[in-house]
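Asks: got a predicted structure plus its sequence, pasted below:
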Amino acid sequence: MKHLQKICLSCQYFRPQNTENGVCRLDKSLFPNYPIMAHNDNCEAWKTSGQQYYIRVGWLKKQLELVRDEAENSVVKP
């Protein structure tokens, strides 16, 4: 049950921003300067995001696929 790993990617307070990190919205008074966290970071305030974990993983896979396709298409072919 990967969604129960206590990492930021599976936390209710985490919002991914790109393929490497996101922001922790635990303390909303910090808006817009939320702390930046890596997907695999963890903290004491972790709270399961349930199904949202799988939605985030799907989004990350698609973003990585787009980056890879863009890199392949930008290579100049002789």
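Replies: Here it is on my side, so go on.
Asks: C-alpha only now, for contacts and for neighbours.
Replies: Fine.
Asks: for this protein, which spans come out with low pLDDT?
Replies: 1-3, 76-78 (pLDDT under 70).
Asks: what about the helices in it?
Replies: Applying DSSP state H to the chain gives helices spanning 52-74.
Asks: so which residues of it form strands?
Replies: Ranges of strands in the chain, per DSSP state E, are 14-16, 21-24, 36-38.
Asks: out of those strands, the one nearest residue 6 is which?
Replies: Proximity to residue 6 (CA to CA) singles out strand 14-16 among the strands of the chain, at 11.7 Å.
Asks: that closest one pairs with which strands, parallel or anti?
Replies: Looking at strand 14-16 with DSSP bridges, its partner strands are strand 21-24 (antiparallel).
Asks: give the contact list for residue 38.
Replies: Residue 38 sits next to 8, 20, 21, 22 when contact means CA atoms under 8 Å, 6 or more residues apart in numbering.
Asks: against residue 52, how distant is the residue lying closest to the last one once chain neighbours are set aside?
Replies: Going back to what we said before, that points to residue 22. Spatial nearest neighbour of residue 22, chain neighbours left out: residue 16 (3.9 Å); criterion: CA to CA, 6 or more residues apart in numbering. Note on residue 16: its distance to residue 52, by CA to CA, to the nearest Å, is 11 Å.
Asks: and these two? Which one has more around it.
Replies: Each of residue 16 and residue 52 has its neighbours counted (other CA atoms under 10 Å); residue 16 has more, 20 against 15.
Asks: about what we covered before: state the distance from the residue nearest to residue 22 to residue 36.
Replies: From residue 16 to residue 36 the distance is 10 Å (CA to CA).
Asks: got any residues that touch both of these two?
Replies: 22, 23.
Asks: dump the residue contacts of the residue nearest in space to the middle of the chain.
Replies: Centroid-nearest residue in the chain, with CA atoms, centre = their mean: residue 16, separated by 3.4 Å. By CA under 8 Å, 6+ apart, the residues touching residue 16 are 9, 22, 23, 39, 56.
Asks: can you get me a residue count around the last one?
Replies: Around residue 56 there are 15 other residues, counting by other CA under 10 Å.
Asks: just confirm it contacts residue 9, I think it does.
Replies: Yes: counting by CA atoms under 8 Å, residue 9 is a contact partner of residue 56 at 7.4 Å.
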